[in-house]
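Undergrad: Just need the structure, nothing else, for what follows:
(chains A and B)
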Protein chains: 2
Amino acid sequence: MKNTCLDATDIKLLDKQVRVHLINSLGGFKSVALVGTKSESGNLNLAIFSSVFHLGANPPLVALIFRPSPPERDSLRNIIGTGFYTLNHINEAIYQKAHQTSARYDSMVSEFEAVGLTPEFKKDFQAPFVKESAIQLGMALREKVDITINNTTMIVGEIVQISVPEDCLFEDGFIDIEKANTITCSGLDSYHKTIRLDRLSYAKPDKEITSIFAIE
Amino acid sequence: MKNTCLDATDIKLLDKQVRVHLINSLGGFKSVALVGTKSESGNLNLAIFSSVFHLGANPPLVALIFRPSPPERDSLRNIIGTGFYTLNHINEAIYQKAHQTSARYDSMVSEFEAVGLTPEFKKDFQAPFVKESAIQLGMALREKVDITINNTTMIVGEIVQISVPEDCLFEDGFIDIEKANTITCSGLDSYHKTIRLDRLSYAKPDKEITSIFAIE
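TA: Alright, predicted model coming up:
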């Protein structure tokens, strides 16, 4: 198999759109989720993000990267304005609708309505969840970190509400997100479902790792 | 389907290990890669990271989160000491070996040797690549960001070398990482291969999204 090799100069000389596709592909498969917010004046907003990442379990933190471009500005303004948002896993049944939320709708337009997803409100939580998502997280803003090198913003949130299908939750705390039909994405626009290879035991020097998950 | 619901108090009361598994699962599927480094005194180090994320395409940036725990300290020290490291995609043939690099080996032990992976050196690059990885990135340290809320460290690196299989690289820049057998992970220990659902066209308001990828 032949390989294509690029160095820093080659990368700089790439056409801008080619570079965007290429670099977005190189980070590997990404967590992708729908971020639900409500503006201070009550407008609902929904946006797909493929820059979701686990930051730590204690406290339970998940982070998101915001680019400086306009379509993400509504979500960021609402999160900072209200302090709350939701993260909703995307499954095979809704990934096209989820992708459509990335269109540049006006601030006044609810993407829930525009793409055909259902806002779900729960007691004590002001931001809207996505009813069609099997795994839903209620998030409270904890920290905003400006990343100066490329003018992006990291939003760190604490998980304060969790809803997961009972039959996907294991005794040891592991959630079988594959069973919940959560999908992943690569690059800017490629969506993938998954097939489990295995769950592996905690690794120790001089000890064979073993499977801790019998595939049914 | 019944759902299990937890609020902030329920989450706090969870057994520590259960919480670690649970919260690690909630962020969705993760990018996972092998980070290769060489210490200033010449020792090789290899460690698996599931906190890899795309930060931006121009400049081409990928970030990593380091927890304060000891096993990750060798990689971090080497990256800061030398300014260079590699990111190597993990495929189905090597994921058990990749997982085994998370064992707490002594600083003097090369995880390449301990788990049976092959260090590959390329001209002009001092950090070791993983020969068995189909997609290899040479990285230059650009920024270290301390995340005070949970004592983690974000390392931002610029992609300065790329090696990808020629037949996985599309004309528009997209890399078919699924075809390169790149895998993803969920939680602490679950590994998954993928099946593409589709590539979707750039979303615009009032326009139907279409497939831009004919599945062979």
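Undergrad: and A:Ile155, bridged to which residues?
TA: A:Leu64, A:Lys144 (DSSP bridges).
Undergrad: Tell me who's in contact with it.
TA: Contacts for A:Ile155 (Cβ atoms under 8 Å, 6 or more residues apart in numbering or on different chains) come out as A:63-66, A:76, A:79, A:141, A:143-144. Using the backbone N, CA and C atoms, a C-beta is placed for each residue, glycine as well.
Undergrad: if you set the cut-off to 10 Å instead, what comes out?
TA: A:35, A:49, A:51, A:62-66, A:75-76, A:79-80, A:85, A:139, A:141-145 (Cβ atoms under 10 Å, 6 or more residues apart in numbering or on different chains).
Undergrad: need the helices for chain A, in chain order.
TA: Counting by DSSP state H, one finds helices in chain A at the ranges A:8-13, A:16-26, A:73-82, A:95-100, A:111-115.
Undergrad: contacting residues around the last one?
TA: With Cβ under 10 Å, 6+ apart as the contact definition, helix A:111-115 has outside contacts at A:34, A:36, A:44-48, A:74-75, A:94, A:96-103, A:105-106, A:117-120, A:128, A:130-131, B:203, B:205-206, B:209.
Undergrad: chain center to that helix, what's the gap?
TA: Distance of helix A:111-115 from the chain centroid (Cα atoms, centre = their mean, to the nearest Å) equals 18 Å.
Undergrad: And that helix, what's buried?
TA: A:111-112, A:114-115 (16 or more other Cβ atoms under 10 Å in any protein chain shown).
Undergrad: and if you look at the second one?
TA: Of the residues in helix A:16-26, those scored as buried under the neighbour-count criterion (16+ other Cβ under 10 Å) are A:19-26.
Undergrad: For chain B, tell me which of those show up nearby.
TA: Among these, proximity to chain B is found for A:19-26 (Cβ under 10 Å from any Cβ of the partner chain).
Undergrad: hang on, the earlier thing: please list only the buried members of the contacts of A:Ile155.
TA: Of the contacts of A:Ile155, these count as buried by 16+ other Cβ under 10 Å: A:35, A:49, A:51, A:62-66, A:75-76, A:79, A:85, A:139, A:141-143, A:145.
Undergrad: Give me the phi and psi angles of A:Pro205.
TA: Per-residue torsions, A:Pro205: phi -60, psi 140 (degrees, to the nearest 10).
Undergrad: Roughly how far does it sit from A:Thr152?
TA: From A:Pro205 across to A:Thr152, the span is 38 Å (Cβ to Cβ, to the nearest Å).
Undergrad: more neighbours, those two?
TA: A:Thr152 (20 against 12; other Cβ atoms under 10 Å in any protein chain shown).
Undergrad: Next, find the distance separating the more buried one from chain B.
TA: A:Thr152 sits 6 Å away from chain B, taking Cβ to the nearest Cβ, to the nearest Å as the criterion.
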